[in-house]
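**Q** Predicted structure and sequence below. I'll ask about it afterward.
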Amino acid sequence: MRRRAIVVLGLLGATLAAQAKWYPLLSQPDGDSKIHNEGRKTLKRQARLTTRNLFFVRHASAEIPDAPSDFERPLDQNGKKQVDWIRKYFKSNKVTRKSKPDIVVLSPSARTRETILPVVEQLKWNTSPERLVRDKKMYKSSQRYILRTVIPQLPEDSTSAVLVGHNPEFQDSINQLVKDSDKTTNQQLKVKKGCVSWFKLSGDSWGDSQVEFVEMKCPKTKSKRTNH
């Protein structure tokens, strides 16, 4: 599934939808010159916008019994298979193969660390220690925190980011972006363990961007059902 649409994260700046009213006037030779100039400025600005890639990765399947706490639950055998699937997904992705992710923000729980750190190491991503961010608030977080804080505060010089966390906040965030991208859809994506959701953002910054939902892919391995 592929949709193109607009959503401004963090409620910053004017949307492309507001600017789109100028487009029909650009082809009218007798139109007001001021309107023509505004339209040309809009098009020139769009040509300068930076395209960034944002990936949501829900943690792989984790063992439920015998862990000292929910925070320390390790991956189970299905989870380890899902990690291998995640590695293959990023390795085969034409974008991340050409331009490796340069920042990872993850919940510091055991299952999120075990999900993404092997992928970072094996694929040799361009993540320096300061750009492998373990955000304590990503554990038992919220949709608001993900969309209003985490994404807008990503470094402006970053062009490919990976967020690794939990449900329900990841599923809520992804569905909110998809819903904002297409007001006509009532579809609710089910973000299972190990799923990777890919968005393209074009704008002046992470927090002020045109968003395109590219795809969501999930491993076929079975996992035990838990909400978090």
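**A** Looks like it came in fine. Numbering: from 1, shown residues only.
**Q** neighbours around R113, how many?
**A** 17 (other CB atoms under 10 Å). Quick note: C-beta positions are derived from backbone N, CA and C, even for glycine.
**Q** Check which helix or strand it maps to.
**A** Under the criterion of DSSP states H and E, R113 resides in helix 110-123.
**Q** So which other helices or strands are in contact with that helix?
**A** Helices and strands touching helix 110-123, as assessed by 3 or more CB pairs under 8 Å, 6 or more residues apart in numbering; DSSP states H and E, comprise helix 77-92, strand 103-106, strand 160-165.
**Q** any idea how far the residue lying closest to R111 once chain neighbours are set aside lies from S69?
**A** Nearest residue to R111, sequence neighbours excluded (CB to CB, 6 or more residues apart in numbering): A62, at 4.0 Å. Per CB to CB, to the nearest Å, A62 is found 12 Å from S69.
**Q** now S92
**A** For S92 relative to S69 (CB to CB), the value is 35 Å.
**Q** What of P152?
**A** 31 Å.
**Q** Would you map the helices across the chain?
**A** Per DSSP state H, the chain carries helices over the ranges 16-19, 33-48, 77-92, 94-98, 110-123, 143-145, 169-181.
**Q** Please identify the buried residues of the fifth one?
**A** In this case it means helix 110-123. Across helix 110-123, burial judged by 16 or more other CB atoms under 10 Å covers A110, R111, T112, R113, E114, T115, I116, P118, V119, V120.
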